[in-house]
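Novice: Any chance you can model this:
(one chain, ligands or ions: 1)
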Amino acid sequence: MADSRQLYQEVILDHNKKPRNWGTLVQPTHRSEGLNPLCGDHIFLTLQLNDQKIEAIQFEGESCAICKASASMMTTRVKGQNVEQAQQMVAEFRDMATGKLDVDHTEHHLGRLTVFSGVRDLPTRVKCAILPWHTLQAALHSKSSVSTESGAENV
Ligand code: ZN
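Specialist: You can find the predicted model right below:
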């Protein structure tokens, strides 16, 4: 367990120092805003879809380290994927973070995002880690905003 904890810390620190795909796309086809009032996480996500493929994705906003690292890694993971693949990853990440998906013994598409599997033991952090994924889901459904406290995450 010590190794995975250390890897988790390193990944979070790295993505906070150098968040990937940081910013706002000039001409997004899809966008959404995500809010987690319990922590104060507030992020903006812009996407450019072309023929059901995510060609570009950027995020910015104010958030804690876990939320920012999750968003940063999410953008690198879903970029170049099609909508169906991205939505599958949203479901897988949510199931992993809530403890429903055992990433060690089940096939999945999360890659290095499995460093977040430990948040299932930290209930207050689960929403921070999931927020970017809810926001992505909302953007793909052309919903302009999502809040972890509105129940809208079940869309
Ligand atoms: Zn947070």
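Novice: Return the residues of the chain in contact with the ion.
Specialist: Within the chain, the positions near the ion by Cβ under 5 Å from the ion are 39, 41, 64, 67, 128. To be clear about C-beta, it is placed using only N, CA and C from the backbone, and glycine gets the same treatment.
Novice: Contact partners for the first one?
Specialist: For residue 39, the contact set (Cβ atoms under 8 Å, 6 or more residues apart in numbering) comprises 63-64, 67, 124, 127-128.
Novice: what do you get for residue 46?
Specialist: 24-25, 28, 30-31, 57-59, 139.
Novice: List the ones among those that fall in strands.
Specialist: 30-31, 57-59 (DSSP state E).
Novice: Show me what the helix ranked longest in the chain is packed against.
Specialist: Ordering each helix of the chain by length in residues (DSSP state H) puts helix 123-140 first. Contact partners of helix 123-140 among helices and strands, from 3 or more Cβ pairs under 8 Å, 6 or more residues apart in numbering; DSSP states H and E: strand 30-36, strand 41-50, helix 65-78, helix 83-97, strand 145-147.
Novice: now do 10 Å
Specialist: strand 30-36, strand 41-50, strand 53-62, helix 65-78, helix 83-97, strand 145-147 (3 or more Cβ pairs under 10 Å, 6 or more residues apart in numbering; DSSP states H and E).
Novice: Most tightly packed of these?
Specialist: helix 65-78 (a mean of 24; mean count of other Cβ atoms under 10 Å).
Novice: Restricting to C-alpha, output that helix in CSV.
Specialist: Output of helix 65-78 as CSV, limited to C-alpha atoms (Å, rounded to 0.1, in the frame of the first residue of the first chain):
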residue,chain,number,x,y,z
ALA,A,65,-5.3,19.5,-5.5
ILE,A,66,-7.3,16.3,-5.9
CYS,A,67,-9.9,17.9,-8.2
LYS,A,68,-7.2,19.6,-10.3
ALA,A,69,-5.1,16.5,-10.7
SER,A,70,-8.2,14.5,-11.6
ALA,A,71,-9.3,17.0,-14.2
SER,A,72,-5.8,17.3,-15.6
MET,A,73,-5.4,13.5,-16.0
MET,A,74,-8.9,13.2,-17.3
THR,A,75,-8.2,15.6,-20.2
THR,A,76,-5.1,13.7,-21.3
ARG,A,77,-7.0,10.5,-21.1
VAL,A,78,-10.1,11.4,-23.1
